[in-house]
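Chemist: how would this look folded up:
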Amino acid sequence: MSVKAEHYDIIRKPLITEKATMASEAGAVVFEVAVESNKPQIKEAVEALFGVKVKAVNTTITKGKVKRFRGQLGKRRDVKKAYVTLEDGNSIDVSTGL
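Modeler: Below you'll find the model as predicted:
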């Protein structure tokens with residue numbers, strides 16, 4: 001049971017944006033993942049949770065913006081995104097949720 005909880009700790013949620021939709025047409029799915037996770041961990045988690053074969057994983061870290069919250073300076077959290085390219089014949093329907 002701890003193995004599955006560990007996978008859910010790595011993959012936070014699927015991202016459904018205009019850019020992510022364009023990537024899905026090329027056979028990729030975009031997930032928000034834990035900032036401290038690495039590509040082999042992300043690949044293993046996606047394969048275990050969704051039962052698909054992963055071809056490649058590309059990641060990007062978006063630094064949090066400095067914003068004002070009720071007049072006080074604050075910082076949004078950093079977000080790491082994983083673009084997971086699936087092998088031919090595999091697919092994930094992100095509209096159903098995890």
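
Chemist: which residues touch the residue positioned nearest the centre of the chain?
Modeler: Central residue of the chain (C-alpha atoms, centre = their mean): residue 31, 1.8 Å from the mean position. Residue 31 makes contact with 11-15, 42, 46, 81-82, 84 under the criterion C-beta atoms under 8 Å, 6 or more residues apart in numbering. The C-beta positions use only the backbone N, C-alpha and C, and glycine is treated the same way.

Chemist: The same query, at a cut-off of 7 Å, please.
Modeler: 11, 13-15, 82, 84 (C-beta atoms under 7 Å, 6 or more residues apart in numbering).

Chemist: now swap in residue 48 and tell me
Modeler: Counting by C-beta under 7 Å, 6+ apart, residue 48 has contacts residue 7.

Chemist: what helix or strand is it on?
Modeler: If you go by DSSP states H and E, residue 48 is part of helix 39-50.

Chemist: can you pull the buried residues of that helix?
Modeler: 41-43, 45-47, 50 (16 or more other C-beta atoms under 10 Å).
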